[in-house]
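A.B. asks: Fold the stuff below for me.
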Amino acid sequence: MAKNYNIITETNNPLIAAIETSGRLGSAAIAQGGQLLEKAYFSAPVKHSAEVFPTLEKMLEKQKKTPNQIEQVYISIGPGSFTGLRIAATIAKIMSLANQTKTVTIDTLDLIAYNIHAYIAKNHRIPERIAPILDAKRNRFYVAVFKYEDGKYKKILPDCLMAADDFVQQFSNTENPIAIFGEGLVYYEDKFNSPGIEVLSKEYWNPLPQNLHLLGWEKAAKGLFDLPLDIVPAYMQHPDAKIKKT
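C.D. replies: Residues are numbered from 1 along each chain as shown. Purely as a prediction, here's the structure:
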């Protein structure tokens, strides 16, 4: 189904709240236009509902801002935690109704995949293929695959559900290893052990609020805002995606 957007030309420097509650460890950021002002992580896993508003309020207070000054809200829309995704979607809808804030949603696997830029900067190496992986329970995982072409990563396998064995069989390649990372490996890294699969360091596994801001700001600059009341978390129930031919 095609997404519904409000396509609006933005020329100002809005106050932005970026809210990441799709994963185990939630986080948030405050930004002014393209400039990140503050970022913070919740104190422990699965503290989203208890800490999201106090975290935002603390950052706003530090910047001498108030909640009613927020003009845009960026959220990761899934796949991910069922409860976490609902929290972010609900916050976006509430803020839209209360303050007429505009909303941008970012695919969670795209958000995690963006961590590869930090890996490249640190290691001076560009993996040709990468795959962010999240736990979908019942021995299934949320997966997307990206390939480096023409100076950027292109998604060649859209978000889908996949068993670890199927992933290993399809993507393990000793001549061209695929780099994997994401919270789906926290308890199940051993399921992906294969000579043709490289597991990146844990520092690249979590979705980051500063990257949510960056990706959200890119969409906002193009005027691609989601209609808040139409936002539906991407729960990913049907593993029907196929690899794109390139």
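
A.B. asks: can you give me the helices in the protein?
C.D. replies: Along the chain, counting by DSSP state H, helices occupy 48-62, 82-99, 108-113, 116-123, 164-171, 209-221.

A.B. asks: Comparing those, which comes out most buried?
C.D. replies: helix 108-113 (a mean of 27; mean count of other C-beta atoms under 10 Å). (C-beta placed from N, C-alpha, C; glycine too.)

A.B. asks: Give me the helices and strands touching that helix, please.
C.D. replies: Counting contacts by 3 or more C-beta pairs under 8 Å, 6 or more residues apart in numbering; DSSP states H and E, helix 108-113 packs against strand 70-78, strand 129-135, strand 141-149, strand 152-162, helix 209-221.

A.B. asks: Contacts for that helix, please.
C.D. replies: Residues outside helix 108-113 that contact it (C-beta atoms under 8 Å, 6 or more residues apart in numbering): 20, 22-23, 76-80, 130, 132, 134, 142-144, 146, 153, 155, 159, 181-183, 205-208, 211-212, 215, 234.

A.B. asks: can we see that at 6 Å?
C.D. replies: By C-beta atoms under 6 Å, 6 or more residues apart in numbering, the list of residues contacting helix 108-113 from outside reads 22, 76, 78-80, 132, 144, 146, 159, 182, 207, 211-212.

A.B. asks: do you know which of the helices and strands packed on helix 108-113 lies nearest Ala121?
C.D. replies: helix 209-221 (13.0 Å; C-beta to C-beta).

A.B. asks: May I have the phi/psi pair for the nearest residue to Leu111 once chain neighbours are set aside?
C.D. replies: Excluding the flanking residues, the one nearest Leu111 by C-beta to C-beta, 6 or more residues apart in numbering is Pro207, at 4.6 Å. Main-chain torsions, Pro207, degrees, to the nearest 10: phi -70, psi 140.

A.B. asks: residues near Pro207, how many?
C.D. replies: By the criterion of other C-beta atoms under 10 Å, Pro207 has 29 neighbours.

A.B. asks: Please apply the same query to Gln100.
C.D. replies: Gln100, neighbours per other C-beta under 10 Å, totals 9.

A.B. asks: what's the spacing between it and Thr66?
C.D. replies: 15 Å (C-beta to C-beta, to the nearest Å).

A.B. asks: now His48
C.D. replies: From His48 over to Thr66 (counting by C-beta to C-beta), the distance is 22 Å.

A.B. asks: Surely Phe74 is in contact with Gly216?
C.D. replies: For the record, residue 74 is Tyr, not Phe. Yes - contact criterion C-beta atoms under 6 Å: Tyr74 and Gly216 qualify, at 3.1 Å.

A.B. asks: Return every residue with contacts to both of these two.
C.D. replies: With C-beta under 6 Å, 6+ apart, Tyr74 and Gly216 have common neighbours Val104.

A.B. asks: now for stretch 153-171, what's the gap between its first and last residues?
C.D. replies: Stretch 153-171 has its terminal residues 17 Å apart, counting by C-alpha to C-alpha, to the nearest Å.

A.B. asks: Quick one: distance of that stretch to the chain centre.
C.D. replies: 17 Å (C-alpha atoms, centre = their mean, to the nearest Å).

A.B. asks: now swap in stretch 141-159 and tell me
C.D. replies: The answer for stretch 141-159 is 14 Å, by C-alpha atoms, centre = their mean.

A.B. asks: what is the mean pLDDT for that stretch?
C.D. replies: For stretch 141-159, mean pLDDT is 97.

A.B. asks: For Ala164, see how far away the closest residue to Asp135 other than its chain neighbours is.
C.D. replies: Excluding the flanking residues, the one nearest Asp135 by C-beta to C-beta, 6+ apart is Gly184, at 4.3 Å. Distance check for Gly184 against Ala164: by C-beta to C-beta, it reads 9 Å.
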